[in-house]
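Enquirer: Quick check, what structure comes out for this input:
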Amino acid sequence: MADDSASIDEISDDAPSAPNSAGGPSSADTSWTSRRGKARCDSCRLRNLKCDRVLPICNQCRWTPGPAGSSCTYTPLPTPAHRGVPRCDRCRESNLKCDRASPVCQYCRESNITDCRYTPKKRARLPLEQHSQAPRVPYNEGESASFMFTNISGPNSSYNRPFVNEGSSSQPDSMDVDRPMPPYPSSSAYEKQGLGPPLALLPAPSGPSNLPAQQPFISHSFPEPPRNQFRAWTHNAFAPLPNYVLRRLTTIAREDMPARETFDVALQRFRDRLEIELRETAYLAAEDYATVANCLAKGNINRLSPRIRQWALSHRVSSGSNRYNLLVIPRDATFQLSSDKEKELLHEYRAELDDQPSTSDKQDDELAFERVPVVNQIYDCLVYAHRGHASSVAAIMEIHRLGFATITWSMAEIFRWRERKIGRGMGLMKHLGLIVGHANGGYLQLLVPP
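Expert: Numbers count the residues shown, from 1 in each chain. The predicted structure is shown next:
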């Protein structure tokens, strides 16, 4: 059965004549093998069945009753289906249109030729003479001066490819890269010294060279693009913001927030339009802040102005650190406690802030007071609270949760306005009338456009 049922998997759908076991393309007289789709018999093609193309009868026709079950017929496909199938050798040499019939095509049949040979096409390759014009010099991987290779011993003795002009080799200021390289220490020696492996394998130049630096065409390291990260305001005389706030601020891009200078100008204009009673306590500059902190730490508030003194007594403002200039205000829960209990909590707050040993087991002493930020820290607090680009109300709630006082809704609204109108003037005061509630003085002021 193996002799009578030779498979014709090599027969293509592009073959225009019925194959046979004696003279098909799979016979010994030809080396052509089709790479296209295989031809099905006429019955399987008509009924759209999967044909195994076994001769003399396929698997589908074997079960078909009648004359169709005795043999299979293969009808050639039209000419457009011959794409990719080579012509016979004689038609290719004579540049004739071959019908690619098997075993003999039409032109060979007319010339009384009994066999057709189908030689597979070969891919066109460039002649070796073009590549051999410039002789290639073997390189030595062990002594290579290129940045692309590592120091691995190889069979070649030298690497003669010059990196600089050969005509300038006689000049004293040329770079001799073909000389033997000094042996580098092992990578373990560099790791022990903490220096890491050598970054360049090129030897140092023998003298000052005026040649331009050799730039590698492949970069082994892609440095991260410079990112304009946010930097919080810090000063040695003032208490810094909490560490988790400072760490989060370093991950915020400065381009996502309004400029600090623009916000400071807008905040100054906002303060200038306030009433005189509110203008002095709206926020404290660095000099005024340090003065108030020193006076409260020493218990001498007579040096303060009447409005600042009244503000400090009304809100029970105290000095929150023995090392820094820091003003704190009791929270609502602490404000109702007795003075002795408040002093105890304030002592624990100072000890924890100044990294002094605490005498109490209370874990939430920092929640008993709210910080009064310096005017330079208001912008940093708003950046942290507005990192998710939420509303002004959400930013104020976040600031209150963090424990910062004297930052009002109007400041958060100015911050958001500057974010939307970066580069413009103080349009908030020119085009809008706002009712500003100031927490420090407890007043309400109507700002009317001029």
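Enquirer: How is the chain divided into domains?
Expert: The chain breaks down by automatic domain parsing into domains covering 1-39+74-121, 243-447.
Enquirer: export those domains to TSV and tack on distance to Thr64 and mean pLDDT?
Expert: Every C-beta, even on glycine, is put in place using the N, C-alpha and C of the backbone. As requested, the domains of the chain are exported to TSV (distance: least, Cβ to Cβ, whole Å; pLDDT from 0 to 100):
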stretch	distance to Thr64	mean pLDDT
domain 1-39+74-121	16	63
domain 243-447	74	77
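Enquirer: Serialize the ones you listed to JSON lines and add fields for mean neighbour count.
Expert: What follows is the domains of the chain, written out as JSON lines (neighbours: other Cβ atoms under 10 Å):
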{"stretch": "domain 1-39+74-121", "mean neighbour count": "16"}
{"stretch": "domain 243-447", "mean neighbour count": "16"}
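Enquirer: doesn't Tyr384 make contact with Ile407?
Expert: No - look at Ile407 against Tyr384 with Cβ atoms under 8 Å: they stay out of range, at 11.1 Å.
Enquirer: Quick check: Cys71 touching Val54?
Expert: No Cys there; residue 71 is Ser. No - counting by Cβ under 8 Å, Ser71 stays clear of Val54, with 11.7 Å between them.
Enquirer: more neighbours, those two?
Expert: Val54 (19 against 12; other Cβ atoms under 10 Å).
Enquirer: Show the pLDDT at that one.
Expert: pLDDT for Val54: 86.
Enquirer: Can you tell me how far Ser392 is from Arg416?
Expert: 6 Å (Cβ to Cβ, to the nearest Å).
Enquirer: Tell me which other helices or strands the lengthiest helix in the chain touches.
Expert: The residue-count maximum for a helix in the chain (DSSP state H) belongs to helix 339-353. Applying 3 or more Cβ pairs under 8 Å, 6 or more residues apart in numbering; DSSP states H and E, we find helix 339-353 packed against strand 327-330, strand 369-372.
Enquirer: possible to save these as a markdown table with distance to Lys121?
Expert: Supplementary listing: those in a markdown table, determined by distance: least, Cβ to Cβ, whole Å:
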| stretch | distance to Lys121 |
| --- | --- |
| strand 327-330 | 88 |
| strand 369-372 | 83 |
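Enquirer: For Ala290, which of those strands is the nearest?
Expert: Nearest of the helices and strands packed on helix 339-353 to Ala290, taken as Cβ to Cβ: strand 327-330 at 10.0 Å.
Enquirer: tell me the contacts of Pro330?
Expert: 316, 318, 337, 342, 368-370 (Cβ atoms under 8 Å, 6 or more residues apart in numbering).
Enquirer: To clarify, my last question referred to Ser111.
Expert: Contacts of Ser111 (Cβ under 8 Å, 6+ apart): none.
Enquirer: right, and Thr234 touches Leu249 too?
Expert: No - in this structure, Thr234 is not within contact of Leu249 by Cβ under 8 Å, at 10.8 Å.
Enquirer: Which pair of the contacts of Pro330 spans the longest distance?
Expert: The farthest-apart pair in these, when distances are taken by Cβ to Cβ, is Leu337 and Glu370, at 14.7 Å.
Enquirer: Run a quick check on Arg307 versus Thr281, I expect a contact.
Expert: Yes - counting by Cβ under 8 Å, Arg307 does reach Thr281; the two are 6.3 Å apart.
Enquirer: does Asn300 sit in a helix or strand, and which one?
Expert: Assessed by DSSP states H and E, Asn300 sits outside every helix and strand.
Enquirer: Please tell me how far it sits from Pro86.
Expert: 107 Å.
Enquirer: same question, Val374
Expert: Using Cβ to Cβ, which is the criterion applied here, Val374 is 86 Å from Pro86.
Enquirer: and if you look at Gln377?
Expert: Taken as Cβ to Cβ, the span from Gln377 to Pro86 is 82 Å.
Enquirer: For Ala385, list the residues it contacts.
Expert: Contacts for Ala385 (Cβ under 8 Å, 6+ apart) come out as 394-396, 398-399, 402, 412.
Enquirer: in the stretch 201-350 of the chain, which spans are strands?
Expert: Ranges of strands in the stretch 201-350 of the chain, per DSSP state E, counting those that start in this stretch, are 318-319, 327-330.
Enquirer: which one is Ile414 nearest to, not counting chain neighbours?
Expert: Ala266 (5.2 Å; Cβ to Cβ, 6 or more residues apart in numbering).
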